[in-house]
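> Quick one, what's the 3D model for this:
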Amino acid sequence: MLKLTSGLHVALGAALLAVAGVAFASDAAPPKASIPFANHGGIRDWKADRDQGLWVQDIHRQWYYAKFMGPCTGLNFAQTIGFDTHPLGRFDQFSSIFVPGGGGGRCAVQSFTVSGAPPSGKVKADAKSG
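Numbering: from 1, shown residues only. Coordinates of the predicted model:
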């Protein structure tokens with residue numbers, strides 16, 4: 001049986017916490033993402049994820065996923081949407097979208113991360129910046 005002194009207990013405990021911290025860091029949220037110049041043609045395409053989120057493609061064909069703070073009613077059936085960018089003109093986790101007509105109105109983004117392409121299917125071609 002291994003007997004440890006109290007100083008060694010503290011050092012061992014600190015080492016275990018450091019290893020646990022590295023493990024938790026690898027499970028952390030992905031880095032923040034943004035599409036610059038979204039208000040000037042920076043968005044190429046988009047595809048609704050029912051009423052829960054939105055895949056957005058920039059002009060460099062990189063896909064992102066915007067998860068909404070709540071359901072975005074009408075998004076799944078919308079033909080056009082508006083992208084509300086802040087004064088710097090980029091689309092990110094502080095932005096929102098507008099669903100025109102009888103849809104959900106304004107839908108705030110909760111998180112915005114780099115993503116793979118959406119599941120196969122028709123992608124909306126006429127994204128409009130706002």
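
> Tell me if I'm right that residue 114 and residue 66 touch.
No - using CB atoms under 8 Å, residue 114 is not in contact with residue 66, being 11.4 Å away. Where you see a C-beta, it was placed from the backbone N, CA and C, and this is true even at glycine.

> higher neighbour count, those two?
Neighbours were counted for residue 114 and for residue 66 using other CB atoms under 10 Å; residue 66 has more, 29 against 12.

> Make sure the more buried one is indeed in a helix.
No - counting by DSSP: H, G, I helix; E, B strand; the rest coil, residue 66 is not part of a helix but strand.

> Just the pLDDT for it.
At residue 66, the predicted lDDT confidence score is 96.

> OK, contacts around it?
Listed by CB atoms under 8 Å, 6 or more residues apart in numbering, the contact partners of residue 66 are 53, 54, 55, 56, 91, 93, 95, 97, 109, 111, 112.

> Show me the beta-bridge partners of the last one.
Read that as residue 112. Residue 112 has the following beta-bridge partners by DSSP bridges: residue 66.
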